[in-house]
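Novice: Here is my input, please return the structure:
(one chain, ligands or ions: 1)
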Amino acid sequence: MTEELFRANAYDKSCAATVVDITDNGGIVLDRTVFYATGGGQPGDRGTIALTGGAQIEINGTIHAPGNGIVHIPADPAQAGQGLKPGDTVQAVLDWDIRYRRMRMHTAMHLLSVVLPYPVTGGQLTEDAGRLDFDIREAGLDKSAITDELNALIAEDQPS
Ligand SMILES: [Zn+2]
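Specialist: Residues are numbered from 1 along each chain as shown. Next up is the predicted model:
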């Protein structure tokens with residue numbers, strides 16, 4: 001299994017790690033990672049895995065593999081075959097710009113669910129947009145009032 005460093009500190013941008021497995025389709029499993037895997041409506045992180053020799057593998061997605069840990073998916077699956085093998089040490093480096101935008105969007109969705117205290121039936125977010133589905137019986141919601149309430153919550157700048 002992969003130690004999920006982002007659980008302890010969501011602001012870690014990189015980490016040293018050891019390769020524990022290369023999947024059949026070139027995915028890279030590490031013993032620890034700062035890469036968030038797709039889940040809860042949030043896409044898996046992107047970034048690079050830097051090898052000790054200086055080569056870099058571009059990662060364009062991260063997923064959970066049941067029973068195997070977190071899999072970092074190379075943009076070019078053939079790249080993982082570049083001599084990378086279990087036991088190798090690497091540096092996992094997030095595309096922090098995208099990750100941070102997704103974190104902020106995620107928090108905005110939580111705040112929205114505070115402003116709109118209705119059952120949430122679904123949701124999805126990217127670095128550019130977020131969507132939450134509510135089960136709202138009554139009509140007549142005022143978008144600008146909701147926006148004001150949301151901005152007031154953001155202005156409180158509460159610790160996470
Ligand atoms: Zn959440």
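
Novice: before we move on, what SS does the residue most central in space within the chain have?
Specialist: For the chain, residue 36 is the residue whose C-alpha lies nearest the centre (Cα atoms, centre = their mean; 3.6 Å). Under DSSP: H, G, I helix; E, B strand; the rest coil, the three-state class of residue 36 is coil.

Novice: What segments of the chain are helices?
Specialist: 5-8, 96-115, 143-156 (DSSP state H).

Novice: Any chance of TSV for those, columns distance to residue 62, mean pLDDT and mean neighbour count?
Specialist: In short, each C-beta sits where N, CA and C put it, glycine included. Shown next, in TSV, are those (distance: least, Cβ to Cβ, whole Å; pLDDT from 0 to 100; neighbours: other Cβ atoms under 10 Å):
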stretch	distance to residue 62	mean pLDDT	mean neighbour count
helix 5-8	10	94	13
helix 96-115	10	95	16
helix 143-156	28	94	11
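
Novice: Kindly reformat the ones you listed as TSV containing distance to residue 28.
Specialist: Output for the helices of the chain, formatted as TSV (distance: least, Cβ to Cβ, whole Å):
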stretch	distance to residue 28
helix 5-8	16
helix 96-115	18
helix 143-156	36
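
Novice: quick one: which of those is nearest residue 67?
Specialist: Judged by Cβ to Cβ, the one of the helices of the chain that comes nearest to residue 67 is helix 5-8, at 19.2 Å.
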